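Peer 1: Sequence and computational prediction follow.
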Amino acid sequence: MPSILKPASPHDSLTTPVDHDMPPAAHNRDGAPSSERRRMMLKAAAAGGAGLFAVRTIAAQAPAASSGQPVSAAPQPPFSPGDNASTAEVVVQTLLAWNVDHVFGMVGDGINPLIEALRRHRDTIRFIGVRHEEAAAFMASGWAKATGRLGVCLATTGPGAVHLMNGLYDAHFDGAPVLAITGLTFHDLVGTRFQQGVDTPALMQDVALYNTTVTGPRHALVVTDIACRSALGARGVAHLAISKDIQAMRLADDKASMENHGLRTSTAWRQPASAPADAQLRAAADAINAGSRVAILAGQGALGASEELEQIATRLNAPVAKALLGRSVIPDDSPFSTGGIGHLGTVPSEEAMHRCDTVLILGSTMPWVDSYPKPGTARGVQVDIKAERIGLRYPVEVCLVGDTKETLRALLPLLHQKDDTFLREIQAQVTQWNALLDQVASSERTPIRPQRVIRAISDTLAADAIVCLDCGANTHFAARFLTLRREQQLVATGMLATMAPGLPFAIAAQLANPGRQVVAIVGDGGLAMLMAELSTAVMNRLPIKIIVMRNDMLAEVVFEQKELGNPPYGCELGGIDFAQVAAACGAVGTSCHNPQQLQVAIASTLASPGTVLLEVHVDPAEPITTPDKLKA
Ligand SMILES: Cc1ncc(C[n+]2csc(CCOP(=O)(O)OP(=O)(O)O)c2C)c(N)n1
Ligand SMILES: [Mg+2]
């Protein structure tokens, strides 16, 4: 008889289901959907169509911390498994306790007990089967980026786990909270060169901030909580490896060690929301108040602090340049916005940074050092939740380690109102820059200029659209020519800059936001890598729209090779007909060659129901440029 601590109150008690087709009632927690509601939602979602809208209420009704992860203050521990509960059952019930309602993955014999536990709870947690585990990891990362909530992916022993790696690095590099669960070979055959015996814990060592091998259900009761909390709290990847026989082990068969007296952990969760000490805030305010030309660089760490950032920008009359992942922190049409920054950015952002006398860096480690002020020309103040990121790109003098929202709230009353001389100078540059963009985007050249495509998409997007990007020349054009408006959102790969995430990000973003328009803008090289996920979108009846920038080329690399003085080599694609690929996957696929027909093609793509792909034949010779080299 295992000694498990009893639950704090009877209503959150759970027993292991004996009937394999009847999932138990999930616990009800503050603001989280009840088991009944969750079940109805997922049933409706599985049916597709209007039912999908019901799922949205999960996110909408849960009181979200700035991170998006629902706050949980349930009596702890939240459930009490019976003797018959397996490790897999414990893991899935713990995921439910952490409000996880989607798991992305691929089945395999190394995770059959986990898959069976997910099947039994299919009314409250949805398993999204993918065609490649890399896509599952991108989906988990994209889920986390789009919602701030924990993304979860699952892969089998050996090759399945290996396939996850690129997506997990995307999450790791961009601070997206993701839990990866992988199968391991039989616990007593680890290290015996048994089939698929990849040492997954070692494989994950660099990418995961929490990484452990689960020894049984008793251990799972503790470490699954720790893994979820680690991913959310430290913003990164947690990994649990579980041998396939261990997944099936029952609590009654898992003898506690002599020091485990029924240890349980907690699922209580609230995003840490700290502000720096008064003296540091005062030092920051002194530096900022002494400046006459203050510029702000905002990154994804400022995404939860839009209101405070706008108040600070208003007080300081400061232009705001935005790193790619922080692009929606204030709208592109805000009077303070100078658009993107860095290689994918704008001239006014460069000007703001190079002409300011004080720079305020908020939640950003934007990598292009030449887009910061020259060291010594501007005093620097930086806000970041992670202490080790302070001073990473610019030698700031005041470090504010804390939550951006809380820090800006505390800082605002200390700041003096500045006049708008500097802002107006930069705004004049924005006007000029926008005129140049208009000229480029209005070109009626054939082949179609890629910038024209992005402009047409941007002009047609729904007011609250979510746009998902790949990596390539197409990303340069998208980053520069999209005008993101209030309520619109961008999901992209930042520090990893990997090809292929656009489609999986869109699938995850649509699952998380069933009522919103979700548009992926992808390269033909990127889509070729994971295009089978079109079938995943169709199977799950996701009305995502995919615009493929078809140039039959790995174009970005062509320009990079030429810049080195090398002739382009290895960059040609065979010329895939993506409209046919889409049709073969059950989606609608169309193509467009003619600049005059572009607007109509995009409008009808975005207005059509279901999964729709539009392949636009764009000019492979359109160069990617730094902001100063852009030509009409
Ligand atoms: C996984 C991966 N492989 C290779 C690269 C190097 N790379 C960067 S952009 C690019 C070309 C992308 O081609 P495509 O998707 O067709 O976009 P385009 O540049 O043509 O718009 C390559 C090969 C990368 N970033 N990620
Ligand atoms: Mg291409």
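Peer 2: Perfect, I can see it now. Ligands and ions are numbered 1, 2, ... in the order given.

Peer 1: of all of the stretch 301-450 of the chain, which residue lies closest to ligand 1?
Peer 2: For the stretch 301-450 of the chain, the residue closest to ligand 1 is Pro450, as judged by Cβ to the nearest ligand atom, at 7.3 Å. Every residue, glycine included, has its C-beta placed from N, CA and C.

Peer 1: Would you mind naming the helix or strand containing the residue most central in space within the chain?
Peer 2: When Cα atoms, centre = their mean is applied to the chain, the residue found nearest the centroid is Lys145 (2.2 Å). Using DSSP states H and E, Lys145 sits in helix 133-147.

Peer 1: What are the buried residues along the helix or strand where Glu308 lies?
Peer 2: Under the criterion of DSSP H and E, Glu308 resides in helix 306-316. Residues of helix 306-316 classed as buried by neighbour count (16 or more other Cβ atoms under 10 Å): 306, 308-316.

Peer 1: Just give me the closest of those to ligand 2.
Peer 2: Ligand 2 lies nearest to Ser306 out of the buried residues of helix 306-316, by Cβ to the ion, at 33.5 Å.

Peer 1: For the nearest residue to that closest one once chain neighbours are set aside, the count of nearby residues, please.
Peer 2: With sequence-adjacent residues excluded and distances taken as Cβ to Cβ, 6 or more residues apart in numbering, Ser306 is closest to Val329, at 5.6 Å. The number of residues packed near Val329 is 28, by other Cβ atoms under 10 Å.

Peer 1: shouldn't Val329 be in contact with Ala323?
Peer 2: No. Val329 sits out of contact with Ala323 when judged by Cβ atoms under 8 Å, with a separation of 9.0 Å.

Peer 1: gap between the longest helix along the chain and the chain center?
Peer 2: In the chain, with assignment by DSSP state H, the single longest helix is helix 421-441. Its chain's C-alpha centre and that of helix 421-441 lie 30 Å apart, by Cα atoms, centre = their mean, to the nearest Å.

Peer 1: What residues sit buried inside that helix?
Peer 2: Under 16+ other Cβ under 10 Å, the buried positions of helix 421-441 are 422-423, 426-427, 429-430, 433-434, 437, 440-441.

Peer 1: Just send the residues you listed back as TSV, with distance to ligand 2 too.
Peer 2: As requested, the buried residues of helix 421-441 are arranged in TSV below (distance: Cβ to the ion, whole Å):
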residue	distance to ligand 2
Phe422	40
Leu423	38
Ile426	34
Gln427	35
Gln429	31
Val430	30
Trp433	26
Asn434	27
Leu437	22
Val440	19
Ala441	19
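
Peer 1: biggest separation within these, which pair?
Peer 2: The most widely separated members of the buried residues of helix 421-441, counting by Cβ to Cβ, are Phe422 and Ala441 (28.3 Å).

Peer 1: Contacts only, for Gln451.
Peer 2: Contact partners of Gln451, counting by Cβ atoms under 8 Å, 6 or more residues apart in numbering, are 437, 440-441, 443, 477, 480-481, 622.

Peer 1: Within the helices and strands, which one has it?
Peer 2: For Gln451, the host element (DSSP H and E) is helix 450-460.

Peer 1: for Ile226, same thing?
Peer 2: Short version, using DSSP H and E: Ile226 is in helix 217-234.

Peer 1: ok, then the element right after that helix?
Peer 2: Immediately after helix 217-234, counting by DSSP H and E, sits strand 237-243.

Peer 1: Spatially, and excluding backbone neighbours, which residue is closest to Ala305.
Peer 2: Ala305's closest residue in space is Lys405 (Cβ to Cβ, 6+ apart), at 3.9 Å.

Peer 1: give me the number of residues near the one you found?
Peer 2: Using other Cβ under 10 Å, Lys405 has 23 neighbouring residues.

Peer 1: ditto for Pro367
Peer 2: 14.

Peer 1: now do Ala287
Peer 2: Ala287: 18 neighbours (other Cβ under 10 Å).

Peer 1: Verify the stated contact: it with Ala378.
Peer 2: No. At 10.1 Å, Ala287 does not count as touching Ala378 under the criterion of Cβ under 8 Å.

Peer 1: Please state the backbone phi and psi of Val518?
Peer 2: phi -120, psi 120 (degrees, to the nearest 10).

Peer 1: So what pairs up with it in the strands?
Peer 2: Here Val518 sits in beta bridges with Ile466, going by DSSP bridges.

Peer 1: After the lowest-mean-pLDDT helix or strand in the chain, which helix or strand is next?
Peer 2: Ranking every helix and strand in the chain by mean pLDDT, DSSP states H and E puts helix 51-61 at the bottom, with a mean of 30. Per DSSP H and E, helix 51-61 leads on to helix 87-97 as the next helix or strand towards the C-terminus.

Peer 1: Now that following helix: buried residues?
Peer 2: By neighbour count with 16+ other Cβ under 10 Å, helix 87-97 contains the buried residues 87-97.

Peer 1: Remind me what the following helix or strand past that helix packs against, helices and strands.
Peer 2: Scanning forward in sequence from helix 87-97 by DSSP H and E, the next helix or strand is strand 102-105. Strand 102-105 sits against strand 126-129, helix 133-147, strand 151-155, helix 502-512, with contacts defined as 3 or more Cβ pairs under 8 Å, 6 or more residues apart in numbering; DSSP states H and E.

Peer 1: JSON lines for the ones you listed, including mean pLDDT and distance to ligand 1?
Peer 2: Converted to JSON lines, these look like this (pLDDT from 0 to 100; distance: least, Cβ to the nearest ligand atom, whole Å):
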{"stretch": "strand 126-129", "mean pLDDT": "98", "distance to ligand 1": "22"}
{"stretch": "helix 133-147", "mean pLDDT": "98", "distance to ligand 1": "9"}
{"stretch": "strand 151-155", "mean pLDDT": "99", "distance to ligand 1": "18"}
{"stretch": "helix 502-512", "mean pLDDT": "98", "distance to ligand 1": "9"}
